[in-house]
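Undergrad: Here is the input, now give the coordinates:
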Amino acid sequence: MSSILTNTSAMVALQTLKSINSDLGRVQSEISTGKSVGSAKDNSAIWAISKTMESDVQGFKAISESLSLGESTIAVARQGSETVTDLLTEIKGKIVAAQEENVDRAKIQTDIDALTAQIGSVTGAAQFNGLNLLAGTEDVNILSSLDRQSSGQVTAANIAVARQDLSTDAGSLGSGTVLNGNVTASAAPINNTGDTQAISFVVDADTSDNTFSLTIGGTQLSYSAGDLTGSQTDAIDTIVGQINGLQLDGITAARNGNDLELTSTRAFEDVAANFSGDTVAAPGTVTLAERASSVTFSNTAPVNEGDGYRVTLGSTAYTYVAGKGETFEDVANGLKTAIDAAGIDGVSTAITTDNTGAQVLKIDNDSATAIATFTAIGNADGEASGGLFGLDNLDVTTTEGADAALATIEVLISNSIDAAAEFGSAQGRIEIQSEFVGKLTDSLKSGIGTLVDADMEEASARLQALQVQQQLGVQSLSIANQAPQSILSLFR
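TA: Below you'll find the predicted structure:
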């Protein structure tokens, strides 16, 4: 049936042409924008994913800038700590030169003071955009990544860079928790008398086959039959004279009645005396204890930032407050530095460990006056001492000061080397993270392109095909529109 009111063919041709025009418009949009998904209506799921990833890319650009700023800041700190290490090494050379007595120590001290002032200048200037990592103890967090969970939650990740305090600040003892249980001082007073041991043995001068051997301070005295003559006291006097004749450092002998009395005033060193032979009533080995008092630290308790320990010698107190990550070895070295810097007449110090592994600060007194007061205490919540604590108190104008300065400078050089190494490690990590973030950003951009970018080869081919279809559609619609005209022939 033909109708002049309803042209079904034209309707079909029109719908087909509209569809072709719609597809053609979409392909032209892809070609002009370069995107197959340009808005949410094109593909809502893909569009949403791409926009989320685009926001992450923008975030990683900011992270890359943060890493660049952090790397520059740490590079300045590393260079500063390396420069401090070089200056401390120069100071060590001056201190070594001061060990020789035939030098002008006053001029050497002037050079050391100048180098010390330069170190202060370096640590003060080692800042980037106002942030100085060579002062203070608080960590600095550098934004390093955005971590997106499967749930969609996003959290920021940071690289924590520990400050390395290379100041000479003395710190201050806190008033927090009492830590006296972590430190024990030996009994007072600290005197110069040393350790004396009386050795009882019998020398039978009338027995011709007797032998006798004494080893002390690494030196051996041997007696064959007939070497010791006379009475017991004569024999002891002979042995005393020969021991004293050895002129062993810090070791003397005397006769106390019929006993041989040995005394050692050696600091920080036990001395063993070994007796053997037929004439000896088996005294075996006798140990003369070192001449030194001790401060023993716990080998189990932790050391927290702000934990301070104080040793009092006479009327003067010496304090060291631990910084972040320090141990009792650092505390012992800090107290040693404080005591050495005071230049107390006859007082010297040493650091060792006991048989349990605990750190021990040894204090010796070689002066004529005993130190009556000797105590050790601890308190938490103090202000930490600087990593170069004691540097500004180095004094090589005396032999004792030069000796103490040599021990102190070794600790300070170790601290500055550790600081430079920490910064170097952190800078290397940031460089790796920065490179990773750059590659990750490129990967995200590539992923977004895979999702939303148009395939230009395919779009070009589709454009040509749709243009042909459009022409055919127009012709088809034109033919369909002419169909009712044939009905007029029926009325002629």
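
Undergrad: what about the strands in the stretch 101-250 of the chain?
TA: For the stretch 101-250 of the chain, strands defined by DSSP state E, counting those that start in this stretch occupy the ranges 127-128, 131-132, 140-148, 154-161, 183-185, 195-199, 212-216, 219-223.

Undergrad: what's in contact with the fifth one?
TA: It refers to strand 183-185. For strand 183-185, contacts defined as Cβ atoms under 8 Å, 6 or more residues apart in numbering pick out 293-298, 309, 311, 374-378. For glycine as for every other residue, the C-beta is placed from the backbone atoms N, C-alpha and C.

Undergrad: Pairing partners for that strand, with directions?
TA: strand 293-297 (antiparallel) (DSSP bridges).

Undergrad: Please enumerate the strands of the stretch 351-492 of the chain.
TA: With DSSP E, counting those that start in this stretch as the criterion, the stretch 351-492 of the chain has strands at 359-365, 374-379.

Undergrad: closest to residue 251 out of the ones you listed?
TA: Within the strands of the stretch 351-492 of the chain, the stretch nearest residue 251 is strand 359-365; the backing value is 15.6 Å (Cβ to Cβ).

Undergrad: who does that closest one touch, helix- and strand-wise?
TA: strand 293-297, strand 308-313, helix 328-342, strand 347-353 (3 or more Cβ pairs under 8 Å, 6 or more residues apart in numbering; DSSP states H and E).

Undergrad: quick one: contacts of it?
TA: Contacts for strand 359-365 (Cβ under 8 Å, 6+ apart): 190-192, 267-268, 290-297, 299, 311, 313, 327-329, 331-332, 335-336, 339, 346-354, 371, 374.

Undergrad: May I have the strands that pair with that strand, each with its orientation?
TA: Going by DSSP bridges, the partners of strand 359-365 are strand 293-297 (antiparallel), strand 347-353 (antiparallel).

Undergrad: if we can go back for a sec, packed most tightly, which of the strands of the stretch 351-492 of the chain would that be?
TA: strand 359-365 (a mean of 23; mean count of other Cβ atoms under 10 Å).

Undergrad: chain center to that one: distance?
TA: 27 Å (Cα atoms, centre = their mean, to the nearest Å).

Undergrad: Let's test this: mean pLDDT of that strand, rounded?
TA: Rounded to a whole number, the mean pLDDT of strand 359-365 is 94.

Undergrad: CA atoms only for that strand, dumped as CSV, please.
TA: Output of strand 359-365 as CSV, limited to C-alpha atoms (Å, rounded to 0.1, in the frame of the first residue of the first chain):
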residue,chain,number,x,y,z
GLN,A,359,80.3,1.0,79.1
VAL,A,360,82.7,2.2,81.8
LEU,A,361,84.2,5.7,82.3
LYS,A,362,87.5,5.4,84.2
ILE,A,363,88.8,8.5,86.1
ASP,A,364,92.3,8.6,87.5
ASN,A,365,93.8,11.1,89.9
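
Undergrad: Now do the same contact list for residue 173.
TA: Residue 173 neighbours (Cβ under 8 Å, 6+ apart): 308, 310, 319, 321, 379, 382.

Undergrad: Spatially nearest residue to residue 240 (excluding sequence neighbours)?
TA: residue 253 (4.5 Å; Cβ to Cβ, 6 or more residues apart in numbering).

Undergrad: Phi first, then psi, for that neighbour.
TA: phi -130, psi 150 (degrees, to the nearest 10).

Undergrad: coming back round to it: which of the contacts of strand 359-365 are buried?
TA: 190-192, 267-268, 290-297, 311, 313, 328, 331-332, 335-336, 339, 347-351, 371, 374 (16 or more other Cβ atoms under 10 Å).

Undergrad: Pick out the residue closest to the middle of the chain.
TA: In the chain, the centroid-proximal residue (Cα atoms, centre = their mean) is residue 422; its distance is 5.2 Å.

Undergrad: With residue 75 as the reference, measure out to that one.
TA: Taking Cβ to Cβ, to the nearest Å as the measure, residue 422 falls 13 Å from residue 75.

Undergrad: what does residue 487 give?
TA: Counting by Cβ to Cβ, the gap from residue 487 to residue 75 is 90 Å.

Undergrad: for residue 333, same thing?
TA: On the measure of Cβ to Cβ, residue 333 and residue 75 end up 29 Å apart.

Undergrad: Likewise for residue 83?
TA: 13 Å.

Undergrad: between those two, which one's more packed in?
TA: Neighbour tally, residue 83 and residue 75, criterion other Cβ atoms under 10 Å: the higher count belongs to residue 83, 19 against 16.

Undergrad: Just the helices from the protein, written as ranges.
TA: 8-33, 44-98, 105-125, 232-245, 328-342, 399-452, 456-482 (DSSP state H).

Undergrad: how many neighbours does residue 428 have?
TA: Count around residue 428 with other Cβ under 10 Å applied: 12.

Undergrad: So which of the contacts of strand 183-185 is the closest to residue 171?
TA: Using Cβ to Cβ, the contacts of strand 183-185 come closest to residue 171 at residue 309, 10.7 Å.

Undergrad: Which residue is the nearest non-sequential neighbour of the closest one?
TA: Nearest one to residue 309, counting by Cβ to Cβ, 6+ apart, is residue 378 at 4.5 Å.

Undergrad: Tell me how far the one you found lies from residue 321.
TA: 10 Å.
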